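Asks: sequence-free structure coming up:
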């Protein structure tokens, strides 16, 4: 199973990579929404995990673009969020996000959330 | 746990970059650039620091960053105006964040309540906003994050909100013995809206997850399915009624299964305790296959969906499974397409594309830069240094006879020499960084100094893209800070004084960097009053640094500000006078192989110049011999060499000796007598190495013999032995001998001290 992780924080990318690859996922990375879109142009992935606050293209725009492309209607997209307020999460969902993961994430929780949206 | 340590290292790396970014952004913001790009960048930086900090449980850091972030969020969308005081508060907050990060990195504790006042101010600034007001910080400190959802229409909101909805809790619940003898029954009516599918949620997955909570029976509700003629391809017609039997499951746990689709479906969760109703329901359900059966029974695909199932993606298979669960209904109903079928065509196309391209994956993910541990680069640098030395040693071993006999070898050695040089340059380039990393901290310093001193000061920076070895850059921050403090404190005059002197009311400090040959020159220049030489000389005489009769040139007086313990500030000021003088700058710079020169113009300003080597690792030197021992003199300080027989020495009335070179008198230092050795080489056969110390002051160093030029890897004398005046370090030569590196500047000043003491 392949996961695309999109986050501008190297720390978060590294932790996701560690957790996911330990769980047997193949992990692709992108540092912002634009780069995430570039990856999706060329790669097929089973699930996307994306941060919201990113430079160049933020997570909301990224999700909107993914959905608007028409190519990835059934691609589950999980929103990574530290927001305690629900604002960002709701915006992410409205843009087409499938679910969310709250940072800081517990490795088991992360995997279980992924399994909630992917076969 | 080493993984965690790795992540932490990454995190702290990232933090220092983000903190630097904050400095840069605020420097621009202070200049009046309040564009949303800047504010967003600041917000993201703090957000990232907080996010990573949360992962490692740095609670103090996270707490503070959270409050700060909230303020930034308000500033960003205009709810709080970025006035001068707010900007000042932010700049202070950046410092506090940096302190928290540093404390987390070192594993030290900050004093209790550190940053509390600022945090209080953040809260005060943002408290007008109902969204964020009083948002409890503790919410963020929870290690395991269960706060995910409150359920609309839940019967008991309080319980739901407080119940940690984590799987761990559910697992515990499964292990616990049944509380009630009779099983609890839940009826769940689930009607997806089309948005649910648009967001790539999959009813089958939700049903599967429900199945983990207890025994479930699923009934597809197909009442809404229209006749084929009225069938909309993207229409959603199906809903489900699920009976969940479990002793322990709570409504909150059920709702959690549907949390991702909240608002995108109609969901009714009702508890059925009454056995009567249950019996009726059971009868109704009896006719239906269980969910588990449905899941297992995939051997006979219905004709209508066979095509779908044949499609290769996991996605489509899943929907085939889903359709399969509808089989009993489908048999009765007219052939229908399950809503997700709309994805079939594009998904196939996508898959095909992927097949063509999958091999190019790595190339496509194109890596433009990599991060390498500095230690690894240092190892390479050191090895390249040793290689350079071996190469130069090999070249030296080639005498004329060998050259004539082995011409191929000579050619090979020449190529080796070139390649080694190229390799060395390339490796050095890896470690080079723009001085911007240090310069960018200075605008902020100048602003603070201006505020504290009540002066008006602006800072100009020039050449901030000049590159220099990273290890040197790291050592630059303190000296530069001190020099700028000095300029602001002692150099720039008060606005009144400046106006009286016919100058612009606000003073300027110019910070510049440029490469000059094998050196980097960094200058701090101010347009202040210049060094008060009378006062400097007075203080120097009072402290015995200069003898009462000794006459000094203006240049020599200026240089006195670097004498140990020297400070002209009449009272210890809050800024420069922290018990250290400019001598600290000098010793720091010397430590990295550089030198400091000061030049002052009375009434017009002062310029302090740092001359730094491009790299610390390798030095071009002249190898000389004194009393049988090898010494090396940095090539960068050598002006010329002269045979003693041809040199024009004059004896001073004081007994000292000077060398006359092109009409200039130069002080003579005999290395042999300076280091208390005796040489048997006759005076006329010895050599003068004319060196230039800082500020263009020359010194004639007398040695027994000149062997030649080469490169050496510098080894610190302090680390391996002890510091010696006049010696900058040591090195190991190609033949294994140790040679000392002559410190021309030190030689000169040490001799001056000798003289004044005499």
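Replies: Received, thanks. All figures in this text were calculated on a predicted structure; none of them were measured in a lab.
Asks: Show me what counts as buried in the longest helix seen in chain B.
Replies: Assignment by DSSP state H gives helix B:2-30 as the longest helix of chain B. Buried positions in helix B:2-30, judged by neighbour count with 16 or more other Cβ atoms under 10 Å in any protein chain shown: B:7-8, B:10-12, B:14-15, B:18-30. Any C-beta I mention is one placed from the backbone N, CA and C, and that applies to glycine too.
Asks: who does that helix touch, helix- and strand-wise?
Replies: Packed against helix B:2-30 by the contact rule (3 or more Cβ pairs under 8 Å, 6 or more residues apart in numbering or on different chains; DSSP states H and E) you find helix A:10-22, helix B:36-55, helix B:84-106, helix B:442-453.
Asks: can you redo those as a markdown table with mean neighbour count?
Replies: Formatted as a markdown table, these follow (neighbours: other Cβ atoms under 10 Å in any protein chain shown):
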| stretch | mean neighbour count |
| --- | --- |
| helix A:10-22 | 20 |
| helix B:36-55 | 23 |
| helix B:84-106 | 17 |
| helix B:442-453 | 18 |
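Asks: To residue B:263, which of those lies closest?
Replies: Nearest to residue B:263 among these is helix B:36-55; the distance by Cβ to Cβ comes to 26.0 Å.
Asks: what's the average pLDDT for that closest one?
Replies: Averaged across helix B:36-55, the pLDDT comes to 85.
Asks: Next, see if that helix gets close to chain A.
Replies: Yes: counting by Cβ under 8 Å from any Cβ of the partner chain, chain A is contacted by helix B:36-55 at B:40-41, B:43-44, B:47-48, B:50-52, B:54-55.
Asks: Centroid-nearest residue for chain A?
Replies: Residue closest to the mean C-alpha point of chain A, counted by Cα atoms, centre = their mean, is residue A:49 at 1.5 Å.
Asks: Report the beta-bridge partners for that one.
Replies: Beta-bridge pairing of residue A:49 under DSSP bridges involves residue A:5, residue A:78.
Asks: which SSE is residue B:621 in?
Replies: strand B:618-626 (DSSP states H and E).
Asks: Over to residue B:589?
Replies: Element membership of residue B:589 [criterion: DSSP H and E] is helix B:582-591.
Asks: following the worst-scoring helix or strand of chain A on mean pLDDT, which helix or strand comes up?
Replies: None of the helices or strands of chain A scores lower by mean pLDDT, DSSP states H and E than helix A:87-94, at a mean of 81. Using DSSP H and E, the next helix or strand after helix A:87-94 towards the C-terminus is strand A:99-102.
Asks: who does the next helix or strand after that following strand touch, helix- and strand-wise?
Replies: Once the chain leaves strand A:99-102, the next helix or strand it forms, by DSSP H and E, is helix A:107-117. When contacts are defined as 3+ Cβ pairs under 8 Å, 6+ apart, helix A:107-117 packs onto helix A:10-22, strand A:47-51, strand A:77-81, strand A:99-102, helix B:167-175, helix B:203-211.
Asks: quick one: low-confidence ranges for chain A?
Replies: Of all residues in chain A, those with pLDDT under 70 make up the ranges A:83-85.
Asks: what's the answer for the stretch 351-500 of chain B, then?
Replies: B:351-368.
Asks: related to what we said a few turns ago, quick one: which of the helices and strands packed on helix B:2-30 is nearest residue B:66?
Replies: When the helices and strands packed on helix B:2-30 are compared by Cβ to Cβ, helix B:36-55 sits nearest residue B:66, at 5.9 Å.
Asks: need the contact list for residue 19.
Replies: This is for chain A. For residue A:19, the contacting residues are A:105, A:107, A:110-111, by Cβ atoms under 8 Å, 6 or more residues apart in numbering or on different chains.
Asks: could you do chain B instead?
Replies: B:45, B:49, B:94, B:97-98, B:101.
Asks: same deal with residue B:76?
Replies: Residue B:76 sits next to B:36, B:39-40, B:43 when contact means Cβ under 8 Å, 6+ apart.
Asks: just residue B:540 next, same as before
Replies: B:546, B:557, B:560, B:563, B:566.
Asks: can you rerun that using 10 Å?
Replies: B:546-547, B:550, B:552, B:556-557, B:560-561, B:563, B:566, B:568 (Cβ atoms under 10 Å, 6 or more residues apart in numbering or on different chains).
Asks: follow-up on the earlier one: how far does the longest helix of chain B sit from the chain's center?
Replies: What separates the centre of helix B:2-30 from the centre of its chain is 4 Å, taken as Cα atoms, centre = their mean, to the nearest Å.
Asks: Likewise for stretch A:60-78?
Replies: Distance, centroid of stretch A:60-78 to centroid of chain: 10 Å (Cα atoms, centre = their mean).
Asks: Can you pull the phi/psi pair for residue B:714?
Replies: Backbone torsions for residue B:714, taken as degrees, to the nearest 10, come to phi -80, psi 130.
Asks: Distance of the closest residue to it other than its chain neighbours relative to chain A?
Replies: Nearest non-adjacent residue to residue B:714, counting by Cβ to Cβ, 6 or more residues apart in numbering or on different chains: residue B:729, 4.9 Å away. Distance from residue B:729 to chain A, counting by Cβ to the nearest Cβ, to the nearest Å: 37 Å.
Asks: What's opposite residue B:729 in the beta bridge?
Replies: residue B:741.
Asks: is it true that residue B:651 touches residue B:660?
Replies: No: Residue B:651 lies out of contact with residue B:660 (Cβ atoms under 10 Å); the separation is 11.3 Å.
Asks: more crowded one of these two?
Replies: More neighbours surround residue B:660 than the other of residue B:651 and residue B:660, with 13 against 9 (other Cβ atoms under 10 Å in any protein chain shown).
Asks: Can you classify that one by secondary structure?
Replies: Three-state call for residue B:660 (DSSP: H, G, I helix; E, B strand; the rest coil): strand.
Asks: any idea how far chain A is from it?
Replies: 63 Å.
Asks: count of neighbours near the closest residue to that residue other than its chain neighbours?
Replies: Ranked by Cβ to Cβ, 6+ apart and with sequence neighbours excluded, the top spatial neighbour of residue B:660 is residue B:648, at 4.4 Å. When counting by other Cβ under 10 Å, one arrives at 11 neighbours for residue B:648.
Asks: residue contacts, residue B:648?
Replies: By Cβ under 10 Å, 6+ apart, the neighbours of residue B:648 are B:642, B:658-662, B:665.
Asks: Could you do residue B:645 as well?
Replies: The neighbourhood of residue B:645, defined by Cβ under 10 Å, 6+ apart, consists of B:682-687.
Asks: how does it look with 8 Å?
Replies: Shown in contact with residue B:645 (Cβ under 8 Å, 6+ apart): B:684-685.
Asks: Check the spacing between it and residue B:701 real quick.
Replies: Between residue B:645 and residue B:701 the distance is 17 Å, computed by Cβ to Cβ, to the nearest Å.
Asks: so how far does stretch B:195-215 reach from one end to the other?
Replies: 28 Å (Cα to Cα, to the nearest Å).
Asks: Just the mean pLDDT for it, thanks.
Replies: 84.
Asks: try stretch B:670-689
Replies: The average pLDDT for stretch B:670-689 rounds to 88.
Asks: Now it: buried residues?
Replies: Neighbour-count burial for stretch B:670-689, counted by 16+ other Cβ under 10 Å, picks out B:670-672, B:674-675, B:679, B:681, B:686-689.
Asks: doesn't residue A:74 fall inside a strand?
Replies: No: assessed by three-state DSSP, residue A:74 does not belong to a strand; its assignment is coil.
Asks: OK, contacts around the residue in the stretch 151-300 of chain B positioned nearest to chain A?
Replies: Closest residue of the stretch 151-300 of chain B to chain A, Cβ to the nearest Cβ: residue B:260 (3.8 Å). Residue B:260 makes contact with A:93, A:98-100, A:116-117, B:201 under the criterion Cβ under 8 Å, 6+ apart.
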